[in-house]
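*Asks:* only geometry, no sequence info:
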Ligand code: AMP
């Protein structure tokens, strides 16, 4: 999609510190990390928010979680634990309208989240 920064990262049109990619998903380090490890996992397909996910997109959502699991292991986070978050719309704290999964680790997470 035109003017979507995450579509441009997925296409390689703007740089990102990529840690994983395959035919369905791309993962890269967050520019403004909120934990020692903060990685964003996105689908190549432009889906604006979780509200816009269609039944046929549920496979790619599964691929995003599968990638997050592999990356967490690669980053040495699996045993200690980590957090995955998908923000939706304004009240959920979403700022970039291309669905993404935050993978956060390397410190203790707090609950409830802010
Ligand atoms: P959200 O608030 O859930 O929409 O999260 C958007 C995330 O994207 C934020 O954590 C930003 O720091 C991150 N972000 C925005 N632009 C970039 C970029 N060009 N490269 C890496 N991370 C980015």
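*Replies:* Yes, it's here. Computed from a predicted structure; not experimentally measured.
*Asks:* Just list the residues touching the residue nearest to residue 21 when sequence neighbours are not counted, thanks.
*Replies:* Once its chain neighbours are removed from consideration, residue 21 has its nearest residue in residue 27; the separation is 7.0 Å (C-beta to C-beta, 6 or more residues apart in numbering). No exception for glycine: its C-beta is placed from N, CA and C like everyone else's. Residue 27 makes contact with 18-21, 39-42, 67-68, 71, 103 under the criterion C-beta atoms under 8 Å, 6 or more residues apart in numbering.
*Asks:* Any stretches of the chain with poor pLDDT?
*Replies:* Per-residue confidence for the chain (pLDDT under 70) gives no ranges below the cut-off.
*Asks:* pull the longest strand from the protein.
*Replies:* Scanning the chain for the strand with the most residues, using DSSP state E, yields strand 37-43.
*Asks:* any idea which helix or strand comes after that strand?
*Replies:* Sequence-wise, the next helix or strand downstream of strand 37-43 (DSSP states H and E) is helix 58-74.
*Asks:* quick one: the residue nearest to residue 21 from residue 14, how far?
*Replies:* Spatial separation of residue 27 from residue 14 under the definition C-beta to C-beta, to the nearest Å is 15 Å.
*Asks:* and what of residue 73?
*Replies:* 28 Å.
*Asks:* same thing with residue 99?
*Replies:* 18 Å.
*Asks:* Ok, residue 41 next?
*Replies:* For residue 41 relative to residue 14 (C-beta to C-beta), the value is 17 Å.
*Asks:* These two - which one has more neighbours?
*Replies:* When neighbours are counted by other C-beta atoms under 10 Å, residue 41 comes out ahead of the other of residue 41 and residue 14, with 25 against 11.
*Asks:* Verify the contact between the more buried one and residue 64 for me.
*Replies:* Yes. At 4.8 Å, residue 41 and residue 64 qualify as touching, with contact defined as C-beta atoms under 8 Å.
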